[in-house]
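Undergrad: pasting the sequence and the predicted model now:
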Amino acid sequence: MNGSAACQGATPGDPMPADTALAKRAERGFRFLGCLLAVGLIAVFALVALRRLRYPFELDRMESAMMTSIWRLAHGKPLYGPPTLEWAAFLYAPLFFHISAAVAKLTGLSYVAPRLVSIVSTLGSFAVIYALVLRETRRHAAALVAAGLYAAMYPVVLGWFDVGRVDSLSVFFFLAALYSTRWTNPILAAVLWLLAFQTKQSILPIALLAFLPEWRRPGRMVLGMGSVAVFAAASVVLCNRLSGGWYSFYVFGVASRLALQPRQAATYIPVDLLEPLGIAIALIIVAVLLAPPAWRSTKASFYAIVTLLIVGGVGFVRAHEGANVNALMPVYAWLAVLFGLAVHRLLAWSEQLANPLPAAVVWLFVVVQLASHLYLPGRYKVSSETLAYRTQFLDALRTTPGDVWAVNHSFDGILAGKPTHAEMDALDAVLGRGYAPVVNELQQDYASGHFAAVVLDRDAESYTPEWVFNGPLFRAHYSLMVRAPGSEQPSLADQPVIVYLPCDAPVSGLNSPTAWFNRGNCLALPSSNPGR
């Protein structure tokens, strides 16, 4: 074969070269595998969530407080009010609790209601991610792997998607608001931003600025931003009016006092983003470099500005005290959208080359990214040992005479027929601010020996303020400590394991030899902390 013949392209009737055919088969195979992984990750989430739906105790430490909040609404009690030992609200906006209380009318007043809200919200988030990517690309495979990537974040966020907390509902409204901001009427988008804000207030700065990409259409931009501002302000005024001003005390006042955590700020990009999503982020960057968008277009402005808002906004929240991996859910959802768009742009770029090899490489990286977060469904199944332990604890709680404060399990107290009490995760912010009525109430209850038992999940020294369970007043009146068998097991987390009682506590309930607790010695422990 001469040189000129070798350089000539193949005619339409010629067979495909062997290496090209192999690359084409690889591209199809990796694409199929990527889509299969995406579907599998979504299906596994649904399976795990349904298996955990009816577990009768907390999946997460704060689920008990969420359930007690719903219980209060179901019984006509206010969500926000003056802090007391009976109740102190959390720093969350109210919408999740009201929706869960409405669902509870159908499901019954149990953890099923808030978890069902979270499960449906997460499935809705998968759908919105899919719809947003499909609307932009008209490529179903890219949309599917985008939704699959967000499903793959389930183990990264420690199984938070189906937990009965505000986060999953907030992410759903957040994604729906972004879709509407991009494609529908600004008023509708503003309503969705309002719903996202009244589910989790940290979304408000993003909501107010989300219409900035419309700067080339100032009428739409002003209408959208103005509507969000008016709706949000009106809702705050209404909530304060209904709660006597306590809504802002918790939602803005308590939240504003959370301290900055420099370590969390420093690890946000390398650990929270790059570690779980390094390949996805790399594909996003490569797509921008190889197939640069028209930066002056409304579409490019939307994705660029919204990305900066979300990455910056979530990073700010993550850098503060109390921010756990749940704070990362919005940025993971958005990066999943960008991932789907990047896959499309890279595939479109490779199609111009008339060579299937780059497309095969793209799909290979998609497969590796999705496969890196595969997990066994049984990993999130609550063990029968833990269920048995919690059931026996609840039985012991019921048979304990008198008032018991389970400081991290308020709904257990309600189930056991005990008086309601504030959760320590909400009360610590009030006590830390030195709110005198609650401080005095707590000291009086300690001094009078009001509590028949005080139940902790961990060592007294780890609670803040430290004087609450480690000060001289508490130790003087609650010096008998009993522990649950198995409490030393590392797998037993966020469970009631330590009980403090008065020395003259009757041998019954939590202090019964038949309970899961071993009777200890009556301790008169001096404290180096002067306390209050």
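TA: Ah, there it is. Since this is a predicted model, take the numbers as computed values, not measurements. Residues are numbered from 1 along each chain as shown.

Undergrad: for the residue positioned nearest the centre of the chain, list the residues it contacts.
TA: Closest residue to the average C-alpha location of the chain: residue 326 at 3.1 Å, with CA atoms, centre = their mean. Going by CB atoms under 8 Å, 6 or more residues apart in numbering, residue 326 touches 157, 160, 165, 167. Backbone N, C-alpha and C define where each C-beta goes, glycine included.

Undergrad: the strands in the stretch 301-450 of the chain, which residues?
TA: 403-406 (DSSP state E, counting those that start in this stretch).

Undergrad: how many neighbours does residue 234 have?
TA: Burial of residue 234 is recorded as 11 neighbouring residues (other CB atoms under 10 Å).

Undergrad: for it, give its distance to residue 197.
TA: Counting by CB to CB, to the nearest Å, the separation of residue 234 from residue 197 is 12 Å.

Undergrad: in the protein, which spans are strands?
TA: Secondary structure of the chain by DSSP state E: the strands cover 403-406, 451-456, 480-483, 498-501.

Undergrad: for residue 435, find the nearest of those.
TA: The minimum distance between residue 435 and these falls on strand 403-406, with 17.6 Å, by CB to CB.

Undergrad: show residues contacting that closest one.
TA: Strand 403-406 has contacts (CB under 8 Å, 6+ apart) with 85, 397, 412-413, 416, 418-419, 421, 450-455, 496, 510.

Undergrad: out of the residues you listed, which are buried?
TA: 85, 397, 412-413, 416, 418, 421, 450-455, 496, 510 (16 or more other CB atoms under 10 Å).

Undergrad: where does the residue lying closest to residue 350 once chain neighbours are set aside land on pLDDT?
TA: Spatial nearest neighbour of residue 350, chain neighbours left out: residue 358 (3.7 Å); criterion: CB to CB, 6 or more residues apart in numbering. In the predicted model, residue 358 carries a pLDDT score of 94.

Undergrad: residue 358 and residue 287, how far apart?
TA: 12 Å.

Undergrad: list the residues that contact both of these two?
TA: Any residue near both residue 358 and residue 287 by CB under 8 Å, 6+ apart counts here, and that gives 346, 349.

Undergrad: those two: which has the busier surroundings?
TA: residue 287 (23 against 18).

Undergrad: surely that one touches residue 345?
TA: Yes: under the criterion of CB atoms under 8 Å, residue 287 is in contact with residue 345, at a separation of 4.3 Å.

Undergrad: ok, now which ones touch residue 276?
TA: The contact partners of residue 276, by CB under 8 Å, 6+ apart, come to 153, 156, 332, 372, 373.

Undergrad: which pair of those spans the longest distance?
TA: Going by CB to CB, the pair spanning the contacts of residue 276 furthest: 332 and 372, at 13.9 Å.

Undergrad: in terms of neighbours, single out the busier of the two.
TA: Remark: of residue 332 and residue 372, residue 332 carries more neighbours, 22 against 13, as counted by other CB under 10 Å.

Undergrad: show the pLDDT at that one.
TA: For residue 332, the model assigns a pLDDT of 98.

Undergrad: go on, the one 5 residues further on?
TA: At residue 337 the predicted local distance difference test score is 98.

Undergrad: now for it, how many residues are close by?
TA: For residue 337, the neighbour count with other CB under 10 Å is 27.

Undergrad: where's it relative to residue 30, distance?
TA: Distance of residue 337 to residue 30, given as CB to CB: 21 Å.

Undergrad: any chance of a markdown table for the strands of the chain, columns mean pLDDT?
TA: As requested, the strands of the chain are exported to a markdown table (pLDDT from 0 to 100):
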| stretch | mean pLDDT |
| --- | --- |
| strand 403-406 | 93 |
| strand 451-456 | 91 |
| strand 480-483 | 80 |
| strand 498-501 | 87 |
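
Undergrad: so which of those strands gets nearest residue 292?
TA: strand 451-456 (56.9 Å).

Undergrad: please name every helix or strand in contact with the closest one.
TA: strand 403-406, strand 498-501 (3 or more CB pairs under 8 Å, 6 or more residues apart in numbering; DSSP states H and E).

Undergrad: could you say which of the ones you listed is packed most deeply?
TA: The highest mean neighbour count among these, using mean count of other CB atoms under 10 Å, belongs to strand 498-501: a mean of 24.

Undergrad: how far away from the center of its chain is that strand?
TA: Offset of strand 498-501 from its chain centre (CA atoms, centre = their mean, to the nearest Å): 31 Å.

Undergrad: check stretch 86-104 too.
TA: 15 Å.

Undergrad: show the end-to-end separation of that stretch, please.
TA: Distance between the two ends of stretch 86-104: 22 Å, counting by CA to CA, to the nearest Å.

Undergrad: tell me which residues of that stretch come out buried.
TA: So for stretch 86-104, counting by 16+ other CB under 10 Å, buried means 87-97, 99-101, 103-104.

Undergrad: between these, which is nearest residue 446?
TA: residue 88 (17.4 Å).

Undergrad: how about the closest one, what does it touch?
TA: 422, 423, 426, 427, 429, 430, 438.

Undergrad: hmm, residue 310 is touching residue 334, no?
TA: Yes: in this structure, residue 310 is within contact of residue 334 by CB under 8 Å, at 4.8 Å.

Undergrad: now for these two: what residues contact both?
TA: With CB under 8 Å, 6+ apart as the test, residue 310 and residue 334 reach no residue in common.

Undergrad: show the low-confidence segments of the stretch 351-500 of the chain, by residue range.
TA: Scanning the stretch 351-500 of the chain with the threshold set as pLDDT under 70 gives 484-493.

Undergrad: and the helices in it?
TA: With DSSP state H, counting those that start in this stretch as the criterion, the stretch 351-500 of the chain has helices at 356-371, 384-399, 410-415, 424-432, 436-447, 467-470, 472-477.

Undergrad: okay if I get those as a markdown table plus distance to residue 142?
TA: Putting the helices of the stretch 351-500 of the chain into a markdown table (distance: least, CB to CB, whole Å) gives the following:
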| stretch | distance to residue 142 |
| --- | --- |
| helix 356-371 | 9 |
| helix 384-399 | 41 |
| helix 410-415 | 43 |
| helix 424-432 | 41 |
| helix 436-447 | 53 |
| helix 467-470 | 53 |
| helix 472-477 | 58 |
